[in-house]
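[1] Below: sequence and its predicted model.
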Amino acid sequence: MYSQNDQLSESAQQSNLNRRDFLRFCSLMAATLALPTLYVDKIAKALSLATRLPVIWLEFQDCAGDTESFLRAGSRSDPIQPGVTDPGLVDLLLDFISVEYHETLMAPSGFASEKSLNEVLEKYPNQYLCIVEGSIPQAQNGIFCTIRGRTALSIAQQVLPNAMATIAMGSCAVDGGLPAALPNLTGATGILNAIPSLGNHVNLPGCPANVVNLVATIVYLITFNHLPEMDSRHRPYFAYGEEIHEECERHNFYEQDKFVLAWGDEGHKNGWCLFNMGCKGPETKSNCQWVKWNDSTNWPIGAGHGCIGCTMPSFWDTMTPFYQPVDD
């Protein structure tokens, strides 16, 4: 029987990663998924034995923010060793998935890209993971978002039902996001409203969604061969199970009634609670305070800006105005 170190070393070799990077990646995934450390071995073994998972990434009515979130988690320069580049989260993930189709990242365009999509669908029937970014407009038969002359709705109807699993990446794909904000002239909606019969899917809301949660969801799928446990809104509990407010670094100031009353005041300089400035942390379920952003360096509240509740349903309508408390 392998020891943990032996198994991780072999897994790292098979996945073309050095042992340190592979161990760090598997440990990060276990921690993000709220799994005990003993699952690091299970994740490592699953990743080393799995064939690369084909991925179709569809972009519909969007700003490409979720793609940017994905790209920003790539390799970066080592601040201590000039000239040395450390692999980022996405670099590590790409050893275990194969992005077969992504309009922003792929080389083919126009009808050549349509050919690429059809080839993937034919080559991997019911075996590909579909990631959807952006809302799907339904008004006037979906003409408000067309790709190569086809509506987003028709493409979704072709691709999503035949995927082994579908991930709605970002609030637009989950419930329509900004395009669906009142008065929603285009009839924008999320993937489940567009395709009510859709089966195996998970929602990762956020504007944009945090790439750490995307990677963790994919790793969970590869490791356990099913999607993580979800709430009634199809959000994974590991990422959206707790309110930001309860674990916020400024929570103690909230309990002490110490609030920022104006940007740049003494309370703001001293890191007091941002509730009176409109922070939606008490209303928002997310793990931002743990996974953070920009290689886990910081997050909005840590940087002095209140949470805008972007992981919550219809947040553009329910959480605005962003600089006033919800209960005002």
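    Arrived safely. Residues are numbered from 1 along each chain as shown.

[2] Please, where are all the strands along the stretch 151-300 of the chain?
    165-169, 188-189, 201-204 (DSSP state E, counting those that start in this stretch).

[3] Is there a neighbour count for the nearest residue to Pro125 once chain neighbours are set aside? I'd like the number.
    Using Cβ to Cβ, 6 or more residues apart in numbering and skipping the chain neighbours, the partner closest in space to Pro125 is Asn162 (6.4 Å). C-beta: built from backbone N, CA, C; applies to glycine. By other Cβ atoms under 10 Å, 14 other residues sit near Asn162.

[4] just Tyr220 next, same as before
    Per other Cβ under 10 Å, the neighbour tally for Tyr220 reads 23.

[5] State the distance from the residue nearest to it when sequence neighbours are not counted to Cys63.
    Spatial nearest neighbour of Tyr220, chain neighbours left out: Pro228 (4.7 Å); criterion: Cβ to Cβ, 6+ apart. Distance, Pro228 to Cys63, using Cβ to Cβ, to the nearest Å: 27 Å.

[6] Comparing the two, which shows the higher neighbour count?
    Counted by other Cβ under 10 Å, Pro228 and Cys63 do not tie: Pro228 has more neighbours, with 21 against 17.

[7] and that one, what does it touch?
    Contact analysis of Pro228 by Cβ atoms under 8 Å, 6 or more residues apart in numbering lists 33, 202, 217, 220-221, 236-238.

[8] do the same with Lys285
    Residues near Lys285 by Cβ under 8 Å, 6+ apart: 235, 240-244, 311-312.

[9] Likewise for Gly309?
    With Cβ under 8 Å, 6+ apart, Gly309 has these contacts: 280, 283-284, 315, 318-319.

[10] and these, which are buried?
    Buried subset of the contacts of Gly309 (neighbour count, 16 or more other Cβ atoms under 10 Å): 280, 283-284, 315, 319.

[11] which one of those is nearest Asn213?
    Comparing those against Asn213 with Cβ to Cβ places Thr284 closest, at 14.3 Å.

[12] nearest residue to that closest one other than its sequence neighbours?
    Leaving aside its chain neighbours, Thr284 sits nearest to Gly309 (4.5 Å; criterion: Cβ to Cβ, 6+ apart).

[13] same thing with Phe315?
    In space, and not counting its chain neighbours, Phe315 is closest to Gly309: 4.8 Å by Cβ to Cβ, 6+ apart.

[14] okay, now the domains of the protein?
    The record's domain parsing of the chain by automatic domain parsing lists 1-49, 52-209+218-240, 245-318.

[15] pLDDT weak spots in the stretch 201-328 of the chain?
    Scanning the stretch 201-328 of the chain for pLDDT under 70 picks out 327-328.

[16] and the gap between Phe224 and Ala165?
    For Phe224 relative to Ala165 (Cβ to Cβ), the value is 12 Å.

[17] Name the residue in the two with the higher neighbour count.
    Neighbour tally, Phe224 and Ala165, criterion other Cβ under 10 Å: the higher count belongs to Ala165, 18 against 14.

[18] Quick one, grab the pLDDT at Ser77.
    Ser77 is assigned 45 on the pLDDT scale.

[19] Apologies, that question was intended for Ser15.
    Value for Ser15, per-residue pLDDT: 47.

[20] ok, how many other residues are close to the residue nearest to Asn287 when sequence neighbours are not counted?
    Sequence neighbours aside, Ala239 is the residue nearest to Asn287 in space, at 5.0 Å (criterion: Cβ to Cβ, 6+ apart). For Ala239, the neighbour count with other Cβ under 10 Å is 31.

[21] so Ala239 sits right up against Val211, yeah?
    No - at 11.6 Å, Ala239 does not count as touching Val211 under the criterion of Cβ atoms under 8 Å.

[22] secondary structure class for Val99?
    Per DSSP: H, G, I helix; E, B strand; the rest coil, the secondary structure class of Val99 is strand.

[23] right, and it touches Leu53 too?
    No - with contact defined as Cβ under 8 Å, Val99 does not count as touching Leu53 (9.9 Å).

[24] before we move on, back to that, just the buried residues from the contacts of Lys285, in ChimeraX please.
    To isolate in ChimeraX the members of the contacts of Lys285 that are buried, counting by 16+ other Cβ under 10 Å, one can use:
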select :235,240,242,244,311,312
